[in-house]
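Asks: Turn this into a model:
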Amino acid sequence: MKKMYFRLLAGICTFTAFLLVWWHWEIIKLYQHRLSVLPEKPETADIITRIHNSKHLMVSAFKDHRRDGAIRVISIIKRQELQKLYCVLCAHANASSRGKGTLRHCVSSEAHVELHTDHFGFPYGTSDILCTSPSSISATNVSISVDPNANQSLKYLPIQNKEMKESFKYSFTVCISNLFGEFNNALQFVQTMEVYKLIGIQRVVIYNTSCGPEVEKVLKHYSKEGILEVVPWPIDKFLKPSPGWQPSLFPGDLHYYGQLTTLNECIYRNMYQSRYVLLNDIDEIIMPYKHASLGDLMDTLQKQHPASGVFKIENHIFPKTQSDDSGRFSLPQWKKVPGLNILEHIYREPDRKNIINPTKMIIDPRRVEQTSVHSMLKHSGPIVNVPFDVCHIIHVRTPLQGLLPKAQLYEDKKLWEFEEKLIPNINRALHESGLLL
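Replies: Predicted coordinates for the structure are as follows:
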């Protein structure tokens, strides 16, 4: 009798175990498709890669520890042709391969697509493709596919930000989106870079579609120096990018050469590299007016607003059509270099009645999920509007109030305060770039 009882009990346990294993695999198959091993040398994606058999593009992939370790793929989606997409997550056969070698253990699962709300009416827009499969825990590479069973024809992105960090290599990084149109404003760029150094910037990231020969020399100089990272951005090889922000005035597939995509990519690229990230254009300088450096400024602001990670800075126009009459910084050697001499343009336009000045931002990237150009789309914590007299942007460009005479502009010589160190530093950079002999 006891033997029959134990046999029955053993049979029940075996059957129960079988049911549990069967149930486990059936649940997995509801949302995952196991794929074959990839070729010995799977093709690595470039900075921009077309999603196979679609009109969409994928850019880069990052583990987002704030979203339970989901893999976030920064992408460019044709908004009216979005179909079901799949994440194909793979791991290296050798865990110690550090991003090289054969990819194994590939699993696909349905992707969740988050289209950014700002696209300015263009057909293509920035998007996050989120991969939330349990396989994301051990995955080293990811691709996006329209077919859950395809893997042989795919290109794979390395997954970045695998580990969270609480200490950072840099305190301040500037993200500059999109050089294009053979941009060759070399003098202003060098002057701006040298001002950055004096106020505490340690790293600058630029996305480059095209630039002129003198700017190319300057990019090489600062890259060699170590302060600059140049990210190739051949968006014009995939789409017809617009040079503006209004489709009616500047037709194209994508807003401003993909500015929103590069700004978001830069935030995630520097998530665990930099304490703060500045989001501004190449002709803008976020300048503290009551503090000696950006470090002092942010120490003060963060103490006043400990829960905030987004600080909006007003943009103010210094028209390039109005120059200092003294000629103090009209140096003859600089006249040989193409571009604006921002030290000559010391007059600031007044505020326009009933018009709010646009802003750019200093952010804690770990508190930001999605950004637009002048505001955040998804973030945590309150936003701080930094007072104009504490910090504002020096933006030397075409005037917005071009009919105003010089007498109605405000004199602002803030940049002149750096003269002692700034002038020799500019000359040195121009010499080392090969623009001055």
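Asks: What are the boundaries of the helices in the stretch 51-200 of the chain?
Replies: 186-199 (DSSP state H, counting those that start in this stretch).
Asks: can you give me the strands for it?
Replies: 57-64, 70-78, 86-92, 103-110, 112-115, 124-131, 141-145, 157-160, 170-179 (DSSP state E, counting those that start in this stretch).
Asks: Tell me which other helices or strands the third one touches.
Replies: Of the remaining helices and strands, those touching strand 86-92 by 3 or more CB pairs under 8 Å, 6 or more residues apart in numbering; DSSP states H and E are strand 70-78, strand 103-110, strand 124-131, strand 141-145. Placement of C-beta: from N, CA and C, glycine included.
Asks: Next, the angle strand 103-110 makes with that strand.
Replies: 160 degrees (axes from the mean of the first three to the mean of the last three CA atoms, to 10 degrees).
Asks: and the strands of the stretch 51-200 of the chain, which one is worst for confidence?
Replies: Of all the strands of the stretch 51-200 of the chain, the minimum mean pLDDT falls on strand 103-110 (a mean of 85).
Asks: Would you list the strands that that strand pairs with, along with their directions?
Replies: strand 32-34 (antiparallel), strand 86-92 (antiparallel) (DSSP bridges).
Asks: How far off centre is the longest one?
Replies: This means strand 86-92. Here strand 86-92 shows a centroid-to-chain-centroid distance of 23 Å under the convention CA atoms, centre = their mean, to the nearest Å.
Asks: Buried residues in it, which are they?
Replies: Residues of strand 86-92 classed as buried: 86, 87, 88, 89, 90, 91, 92 (neighbour count, 16 or more other CB atoms under 10 Å).
Asks: Format those as CSV; extra columns: distance to residue 350.
Replies: Listed next are these as CSV, based on distance: CB to CB, whole Å:
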residue, distance to residue 350
86, 54
87, 52
88, 55
89, 55
90, 57
91, 59
92, 59
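Asks: just curious, which of those is nearest to residue 318?
Replies: residue 87 (46.8 Å; CB to CB).
Asks: Burial check on the residue lying closest to the closest one once chain neighbours are set aside, number of neighbours?
Replies: Spatially, and ignoring its direct neighbours in sequence, residue 87 is nearest to residue 131 (3.5 Å; CB to CB, 6 or more residues apart in numbering). Neighbour count for residue 131, taken as other CB atoms under 10 Å: 28.
Asks: So residue 131 is in contact with residue 75, correct?
Replies: No: assessed by CB atoms under 8 Å, residue 131 is found out of contact with residue 75, at 11.5 Å.
Asks: what residues are up against the residue nearest to residue 67 when sequence neighbours are not counted?
Replies: Nearest residue to residue 67, sequence neighbours excluded (CB to CB, 6+ apart): residue 130, at 7.0 Å. Listed by CB atoms under 8 Å, 6 or more residues apart in numbering, the contact partners of residue 130 are 64, 67, 70, 71, 72, 73, 111, 112, 113, 114.
Asks: Which strand residues bridge residue 130?
Replies: Under the criterion used here (DSSP bridges), residue 130 is bridged to residue 72, residue 112.
Asks: and if you look at residue 62?
Replies: For residue 62, the beta-bridge partners are residue 72, residue 160 (DSSP bridges).
Asks: Please tell me I have it right and it contacts residue 160.
Replies: Yes: using CB under 8 Å, residue 62 is in contact with residue 160, at 4.9 Å.
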